[in-house]
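A.B. asks: Build me a model:
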Amino acid sequence: MIGLKVPKKEANRIRLILLEKSFLDHHWKIRRFEENVYLPLNQTPCPDFLKELGLQLENIVETDFEELKKRPRNIEDYLQGRIPPEKMEEFKKSFDIIGDVVILEIPPELEEEKYLIGEAALKFTKRRSVYRKKSAIKGVVRTRELEHLAGEDVSETIHREHDSRIMLDVKKVYFSPRLATERKIVGDQVQDGEVIIDMFTGVGPFAINIARRSKLPNVKIHAIDINPPAIHYLQKNIILNKVQGKINPLLGDVAKVLKDLDVKADRIIMNLPGTACEFLPVAVKHLKPGGILHYYQFSRDFDNPLEKVKNAAYPRQIEVLDKRKVKSRSPGVWHVGIDVKIN
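C.D. replies: All right, here's what the predicted structure looks like:
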């Protein structure tokens with residue numbers, strides 16, 4: 001193939017010009033020999049262009065170049081040529097990485113290619129296990145069915161988020177790595193000495209994030225969940241993150257647990273966007289005057305969740321501190337977060 005022989009001291013200047021003019025062939029490696037460099041070309045430059053470079057026709061040579069192997073940039077690159085292009089359009093390009101576990105969303109149209117996709121995800125992410133979502137999140141324990149596609153069939157892992165380590169089993173508990181920013185936003189608001197209720201704690205990512213902070217040595221968090229495996233892993237995470245004494249893990253229905261606990265909180269976290277609204281009266285009852293509520297709901301706007309909080313708080317007055325679209329759930333529907341002070 002054709003190449004351009006240039007003096008080594010001029011190579012970088014000429015390479016940049018060839019790059020700008022789209023003459024450089026990116027599929028081949030540049031060759032370097034003693035005083036000269038050979039640049040791979042995708043077309044033959046005209047004499048006038050060569051003259052501008054300070055070169056002549058003699059600088060155009062026939063030579064061999066080594067093919068440049070590019071590292072795949074995404075899972076689709078690993079699947080290039082192995083799945084028809086029309087099917088690739090159906091593939092969900094987003095996926096979750098939780099510790100050493102990858103969780104994919106694969107549409108029914110790609111059922112026959114699911115193991116091929118799983119292997120591609122394993123190679124691209126270099127994680128240990130790859131699973132596919134087989135159902136939506138369901139039940140009071142908020143879990144989903146997963147199908148093993150590639151790697152080891154090991155669903156227990158340790159996920160690192162900010163300064164925290166979260167141990168969990170993706171088959172037994174709910175956990176979303178996409179809420180990492182939201183957990184930091186809430187944690188940044190906490191003041192030392194606060195009493196906090198984390199009403200649907202799961203394996204405790206909100207609670208652990210807050211308890212790990214060195215500026216909050218006297219914070220007390222009551223972390224509640226109805227799912228036994230979630231509380232099991234929360235107890236492990238308390239030890240793993242060395243926050244014993246700051247988090248009180250509690251198993252059971254949140255309304256019954258709080259009735260027996262009889263505690264008033266400075267701050268309550270309600271991250272159960274599907275059904276948290278059912279527990280708003282309980283939350284308001286256990287929130288101190290001037291306490292802050294972090295309420296989450298699936299909604300198309302902020303008006304509906306705000307109305308629900310206002311109705312549950314009546315006759316107490318509410319002050320909206322912040323409202324956020326945390327992440328998209330479906331077209332037009334968001335996982336929204338609202339920070340409200342209830343006076």
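
A.B. asks: Any chance you could spot the residue sitting in the middle of this structure?
C.D. replies: Nearest to the geometric centre of the chain sits R178, at 3.7 Å (C-alpha atoms, centre = their mean).

A.B. asks: The nearest residue to that residue once chain neighbours are set aside is in what secondary structure piece?
C.D. replies: Nearest non-adjacent residue to R178, counting by C-beta to C-beta, 6 or more residues apart in numbering: K327, 5.4 Å away. (Glycine included, C-beta is placed from N, CA and C.) Secondary structure from DSSP states H and E places K327 in strand 318-330.

A.B. asks: What residues sit buried inside that strand?
C.D. replies: Using 16 or more other C-beta atoms under 10 Å as the burial criterion, the residues of strand 318-330 that qualify are I318, R324, V326.

A.B. asks: Apart from its chain neighbours, what residue comes closest to the last one?
C.D. replies: Spatially, and ignoring its direct neighbours in sequence, V326 is nearest to H335 (4.5 Å; C-beta to C-beta, 6+ apart).

A.B. asks: care to break this structure down by domain?
C.D. replies: 2-62, 75-154, 175-342 (automatic domain parsing).

A.B. asks: So in the chain, where's the weakest helix or strand by average pLDDT?
C.D. replies: Least confident helix or strand of the chain, by mean pLDDT, DSSP states H and E, is helix 85-88 with a mean of 76.

A.B. asks: what's the following helix or strand after that one?
C.D. replies: Using DSSP H and E, the helix or strand that follows helix 85-88 in sequence is strand 96-98.

A.B. asks: buried stuff in stretch 301-309?
C.D. replies: Buried-residue list, stretch 301-309, by 16+ other C-beta under 10 Å: F302, P305, L306, K308, V309.

A.B. asks: Low-confidence ranges, the chain, go.
C.D. replies: For the chain, applying pLDDT under 70 flags the ranges 70-72, 91-93.

A.B. asks: returning to what we had before: and which of the buried residues of strand 318-330 is nearest to L251?
C.D. replies: Checking those against L251 with C-beta to C-beta, the nearest one is V326 at 26.5 Å.

A.B. asks: For that closest one, give its distance to D225.
C.D. replies: In this view, V326 and D225 are 20 Å apart by C-beta to C-beta, to the nearest Å.

A.B. asks: same question, S135
C.D. replies: In terms of C-beta to C-beta, S135 sits 20 Å off from D225.

A.B. asks: quick one, what contacts I247?
C.D. replies: G204, A207, I208, A211, I221, A223, L234, I238 (C-beta atoms under 8 Å, 6 or more residues apart in numbering).

A.B. asks: quick one, what contacts the first one?
C.D. replies: By C-beta under 8 Å, 6+ apart, G204 lies in contact with I166, D198, A223, Y233, L234, N237, I238, I247, P249.

A.B. asks: Sweet, I'm off.
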